[in-house]
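1. following is a predicted model, sequence given first.
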Amino acid sequence: MSVLLSVPGFLANEPVRVALAVGGGAALVCAVVGCATVMRRQSFAGHALADVSSAGGSAAYLLGVNPLFGFLGMAAAAAGVMEWADIREARERDLLTGVVLGAGLGLAALLLYFDATVRSVSGAAVTVLFGSMFTIPASIVPLALAVAAVALAASAIVHRPLLVSSLSADLARAQGIRVRAVALTHALALALAVSLSAMTVGAILSTALLIGPAAAALRLAKRPASAVVFAALIGLGATWGGIVLAYESFYWTPGHGWPVSFFIVALIFCAYLIAGWRAGRAGVRRAPHPSGCEGT
Amino acid sequence: MFSTFMAHAWIVATMVAVVAGAVGFFVVARRAAFAAHALPLGAFPGAAAASLLGVSQLLGLVVFSALGVAAIARLQRGERREVASALWLALSLAVGTLLLGFSGQYVQSIYGLLFGEVLGISRGQLVGVAALGVVALSVLVLFARRLLLESLSEDLAGAAVGRSSRLEWVFLGILALSSAIAVPVVGALLVFSLMVGPASAARAFTDRPWRALAVSVALAIGTVWAAIALSYLSNWPVGFFVGVLSAACYVAGRLHGGGVAQAA
């Protein structure tokens, strides 16, 4: 309860303010991009981009540049490869995604090894993979918020054609939508969202922030617009709640706090379970729920 | 490279490759790539919990793999299956780091568990891996025809309809066992590479399922052997070579398959 008693102290702490800003931006972008990703059944692709971006993060430590650039560069490159291959058949797309993911993680393993041996940055593996929000330098905040703004703008521009082409590519083409350009823009927005999320909760946990709030919101909401709002609320709640709990945890186990990423992921998982429980109850009361044909 | 302290590494890695190659064939046929990625990561906190409680690492891995099977099977009911896998794997990783943080042997253990570590495999571990590998393979042989038939009939029907949930449990169970034995060697993040790369290449080289299964196992063994040898010579992490060589298998299969498709 120490935070609640000392809110000004909590907010006066600079690492906490930086974490709140970067985490908040990441949660908002992930809510918007995540809803489209879940609806397009691209969860695996989103996860793969996140994992591959860890190679970029580790390269950034090796070169001594801003890790956000590393995450971004690698995620955008992987998104480009996956969109360029443009495979229609679902099975082949899954396999290619998996292979890109494996190669990216292999590269990350090598780069992290170099981080530890050449540059002697031994904590790089943990920071890149699992995030460490309270060590984000304040100088990153403007850049992170700019990236968030670009991702939100890109999603806003393509949201309608994207929705149509997610439902049916033929219908979209008949309406004069350039399906590939739309898909590519979405993939780039996905790469931006994943990089921000990787800064926040770490590369291999960022799927949780991208997919979790969106999936929970889509269980509750009937329309895409309200799903985005729910997702943003859940994402922000989990991220900021996680920061508060991590700050608190310094008092639970004297000496060291619990990882922020753990709290954020756990809160998101709870939100997903609660949303499922609520949607299940609503489904029983309302009408026959079209479940069963949902799973692929 | 072939000295006594490497002997265990070669034996265990070969067993892991045989199991991963065989299971991978069904992962590709049943389009379970994401589940195959999520289950090894679900096993990851098991190793951390085991070191915290002071019990055998393999036991922890098996217990958490089983938990993963239950969670994924339960969460994916009437839901988007990939969302269930995504959230389960993120939660497992987060719990794993928390537990490793408590046990105080953070960085090295995390790196080894995620990206693989072939050295320092004990005799007891070797026996455990062999026993579990035999169990996984026998169950696989027992259900192989049914698993294959189901995925083939799905291909004909064009969708995942009429999938028997009992068979799905068996399949996830096999996947979990093979994950548990492969995680300490190849690493939680790259077990999946070893399953998907060789198996997807094998598909391109032959049309016959059982021959493809054999090719998949052979490619997986080749990948692991080459990875260990290269890792030994260069001192670079074994996970790097497993990831890159598995991707190379896939690319080779694509190039070969593309040529066949154009010729036909």
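-> Yep, that arrived. Numbering: from 1, shown residues only, chains lettered A, B, ... in the order given.
2. going by C-alpha atoms from here, please, whenever you check contacts or count neighbours.
-> Noted.
3. so which elements touch the helix or strand of chain B with the lowest mean pLDDT?
-> Ranked by mean pLDDT, DSSP states H and E, the weakest helix or strand in chain B is helix B:106-115, scoring a mean of 73. Using 3 or more C-alpha pairs under 8 Å, 6 or more residues apart in numbering or on different chains; DSSP states H and E, the elements in contact with helix B:106-115 are helix A:124-130, helix B:33-53, helix B:81-103, helix B:165-186, helix B:238-263.
4. just say which of those helices is most tucked in.
-> Highest mean neighbour count of these: helix B:33-53, a mean of 27 (counted as mean count of other C-alpha atoms under 10 Å in any protein chain shown).
5. helices or strands up against it?
-> For helix B:33-53, the elements it packs on are helix A:90-117, helix B:57-75, helix B:81-103, helix B:106-115, helix B:165-186, helix B:191-205, judged by 3+ C-alpha pairs under 8 Å, 6+ apart.
6. and these, which one is worst for confidence?
-> Ranked by mean pLDDT, the helices and strands packed on helix B:33-53 bottom out at helix B:106-115, with a mean of 73.
7. please report how far the nearest residue to residue B:45 once chain neighbours are set aside lies from residue A:182.
-> Excluding its sequence neighbours, the residue lying closest to residue B:45 (C-alpha to C-alpha, 6 or more residues apart in numbering or on different chains) is residue B:96, at 3.8 Å. As judged by C-alpha to C-alpha, to the nearest Å, residue B:96 and residue A:182 stand 38 Å apart.
8. which stretches in the stretch 151-296 of chain A count as helices?
-> Here the stretch 151-296 of chain A has its helices, by DSSP state H, counting those that start in this stretch, at A:169-174, A:179-201, A:206-220, A:224-249, A:260-285.
9. so which of those helices is the most packed in?
-> helix A:206-220 comes out most buried of the helices of the stretch 151-296 of chain A by mean count of other C-alpha under 10 Å, with a mean of 30.
10. now do that one and helix A:179-201, the angle between them.
-> Relative orientation of helix A:206-220 versus helix A:179-201 (axes from the mean of the first three to the mean of the last three C-alpha atoms, to 10 degrees): 110 degrees.
11. show me which residues of the stretch 1-150 of chain A are close to chain B?
-> Residues of the stretch 1-150 of chain A lying close to chain B (C-alpha under 8 Å from any C-alpha of the partner chain) are A:38, A:41, A:43-44, A:47, A:91, A:94-95, A:98-100, A:102-110, A:113, A:122-123, A:125-126, A:130.
12. for PyMOL, write the select line for the buried members of those residues.
-> Of the residues of the stretch 1-150 of chain A next to chain B, the buried ones go into a single PyMOL selection, burial set by 16 or more other C-alpha atoms under 10 Å in any protein chain shown:
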select buried, chain A and resi 38+41+43+44+47+91+94+95+98+99+100+102+103+104+105+106+107+108+109+110+113+122+125+126+130
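13. and residue A:138, backbone torsions?
-> Main-chain torsions, residue A:138, degrees, to the nearest 10: phi -60, psi -30.
14. residues in contact with the residue of chain B found nearest chain A?
-> In chain B, the residue that lies nearest chain A is residue B:240 (3.8 Å; C-alpha to the nearest C-alpha). Counting by C-alpha atoms under 8 Å, 6 or more residues apart in numbering or on different chains, residue B:240 touches A:103, A:105-110, B:115.
15. widest-spaced pair of these?
-> For the contacts of residue B:240, the farthest-apart pair by C-alpha to C-alpha is A:103 and B:115; their separation is 12.1 Å.
16. now stretch A:219-235: average pLDDT?
-> Averaged across stretch A:219-235, the pLDDT comes to 90.
17. likewise for stretch A:261-274?
-> In the prediction, stretch A:261-274 has an average pLDDT of 92.
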